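Visitor: One predicted model, sequence on top.
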Amino acid sequence: MTKNRLITLIISLLVTNMLFAQTAGTNTLKPASDSGYLQSYSNYINTSLSYGTYNMQFRLSDASGLKFIFSPNEIYQTKIGVAYSFIDVAYAFSSKILTINNSTDKKGTTTRNDLAFVFRLNRFYLKLERSDDKGFYLLNTKDFYEDWKPGDPYFQFPDLRVIQTGGSLTYNCNRRFSVSGLVSGTEHQLKTAYTFLPTIYTYFFKITDEDTSVSKGKDEYTRNTDISIGLPAAASFVFAKNCYFAVSAGPSIGVNFVSSTLIDDDLQKVKQKQSVVSFGYSARVSAGWSNQKFFAGIDGNYRKYSHNEDDNTLFQKRFYDANIYVGMRFPPPGFVKHSIDWVKKVLPL
């Protein structure tokens, strides 16, 4: 299925959902409140449309001060999300109509596709995602070319590709704190609350250069399996009717398993493997508004962690995203409600 057909299918499903919802009536369901601290809308279908950016950086530096900073060109994406009961599904794509001028003549072209699933199981929050980025540039080109000045083209790697697959499992230590309310319309914070959000991150990276000519001593591909544990503290402040502001931040520690395939002087493949300890932190800022039918907000995330590949080389990964979203709630069509109810009976949810 092509990307355009998939987008058309998602939009068609949303329109169909709206038609069914209007037939069912908007007053057939009522949200549930947990001791007055949060309100659940998981018995509604929560549809959302967001627009924002997602970016990453890979930084390599050694003891001599030599540094390489690889980054894809900034991509602005449109994301369609649907959340109901314990499941969230989101698909993000880059629209040419909504793309802001991001200097492709200077930074090159980056393509990106994202797919994410979220499962809310009691106080556990499981996120599974896959992203595919192709086309990077050297952010610190000036360090290698003395005559380079702002406005000049950066050194580009159009065939450099990073595929990231994995996810995170978060446990909410305070049932009165809404994690879902920060990212979807399934819950809304009614009173100020605090919590810890211990999180296990597991991500698999495959970094390749699709250029068919592989030079001696250059990586043909690198695989990273990163496993880490984070312990951010979080607070959600309700400062006006239907409005909230939330922040979270905390450290992380983990293990990175690195596997590289090199080409030696005899043009033979040589594999290198090592396990290293990583350290980092994450931070998040969110703000939003919600009533029984509509919701909207902004959300920003930042995560960084690094490890020493040897005594001299530091490898650091940075990820950040920011988006603005609007959403609307509908009672579910009968066949959707019955299907999810059946799944919840069959599975231990």
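Guide: Ah, there it is. Numbers count the residues shown, from 1 in each chain.
Visitor: now the strands for the stretch 51-200 of the chain?
Guide: Assigned by DSSP state E, counting those that start in this stretch, the stretch 51-200 of the chain shows strands spanning 67-72, 75-84, 87-93, 111-121, 124-138, 156-171, 187-189, 193-196, 199-209.
Visitor: for the last one, packing partners?
Guide: It stands for strand 199-209. strand 156-171, strand 219-230 (3 or more Cβ pairs under 8 Å, 6 or more residues apart in numbering; DSSP states H and E). To be clear about C-beta, it is placed using only N, CA and C from the backbone, and glycine gets the same treatment.
Visitor: which of the residues in stretch 189-196 are buried?
Guide: Gln189, Leu190, Thr192, Ala193, Thr195, Phe196 (16 or more other Cβ atoms under 10 Å).
Visitor: how near is Ser236 to Asn122?
Guide: According to Cβ to Cβ, to the nearest Å, Ser236 stands 19 Å off from Asn122.
Visitor: Looking at these two, which is more packed in?
Guide: Ser236 (27 against 10; other Cβ atoms under 10 Å).
Visitor: Need the phi and psi values for that one.
Guide: Main-chain torsions, Ser236, degrees, to the nearest 10: phi -120, psi 120.
Visitor: repeat for Lys337
Guide: According to degrees, to the nearest 10, Lys337 has phi -60, psi -50.
Visitor: Let me see the contact set for it.
Guide: Counting by Cβ atoms under 8 Å, 6 or more residues apart in numbering, Lys337 makes contact with nothing.
Visitor: quick one on the thing from earlier: export the helices and strands packed on strand 199-209 as JSON lines, with columns for mean neighbour count and mean pLDDT.
Guide: What follows is the helices and strands packed on strand 199-209, written out as JSON lines (neighbours: other Cβ atoms under 10 Å; pLDDT from 0 to 100):
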{"stretch": "strand 156-171", "mean neighbour count": "17", "mean pLDDT": "92"}
{"stretch": "strand 219-230", "mean neighbour count": "17", "mean pLDDT": "82"}
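Visitor: now those as a markdown table including distance to Lys127?
Guide: A markdown table is the format used below for those (distance: least, Cβ to Cβ, whole Å):
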| stretch | distance to Lys127 |
| --- | --- |
| strand 156-171 | 5 |
| strand 219-230 | 13 |
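Visitor: what's across from Gly52 in the sheet?
Guide: Gln77, Asn323 (DSSP bridges).
Visitor: now it: how far from Thr78?
Guide: 9 Å.
Visitor: Equivalent analysis for Val326, please.
Guide: If you go by Cβ to Cβ, the gap between Val326 and Thr78 works out to 12 Å.
Visitor: Mind listing the shared neighbours of these two?
Guide: The contact lists of Val326 and Thr78 share Leu49, Ser50, where a contact means Cβ under 8 Å, 6+ apart.
Visitor: Tell me which of the two has more neighbours.
Guide: Taking neighbours as other Cβ under 10 Å, Val326 and Thr78 compare with Thr78 leading, 18 against 15.
Visitor: quick one: that one and Leu66, what's the gap?
Guide: 39 Å.
Visitor: Kindly report the same for Tyr201.
Guide: With Cβ to Cβ as the criterion, Tyr201 and Leu66 are 29 Å apart.
Visitor: what two of the buried residues of stretch 189-196 have the greatest distance between them?
Guide: Leu190 and Phe196 (20.4 Å; Cβ to Cβ).
Visitor: Output the below-cut-off pLDDT ranges for the protein.
Guide: 1-35, 95-102, 210-221, 261-270, 310-311, 348-349 (pLDDT under 70).
Visitor: before we move on, the earlier item: next, format the strands of the stretch 51-200 of the chain as TSV and append distance to Ser42.
Guide: Shown next, in TSV, are the strands of the stretch 51-200 of the chain (distance: least, Cβ to Cβ, whole Å):
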stretch	distance to Ser42
strand 67-72	35
strand 75-84	7
strand 87-93	10
strand 111-121	7
strand 124-138	13
strand 156-171	17
strand 187-189	7
strand 193-196	18
strand 199-209	21
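Visitor: Most tightly packed of those strands?
Guide: Most buried of the strands of the stretch 51-200 of the chain by mean neighbour count (mean count of other Cβ atoms under 10 Å) is strand 187-189; its value is a mean of 25.
Visitor: Which strands and helices lie in contact with that one?
Guide: By 3+ Cβ pairs under 8 Å, 6+ apart, strand 187-189 packs against strand 38-40, strand 243-263.
Visitor: I'm done for today, thanks for sticking with me.
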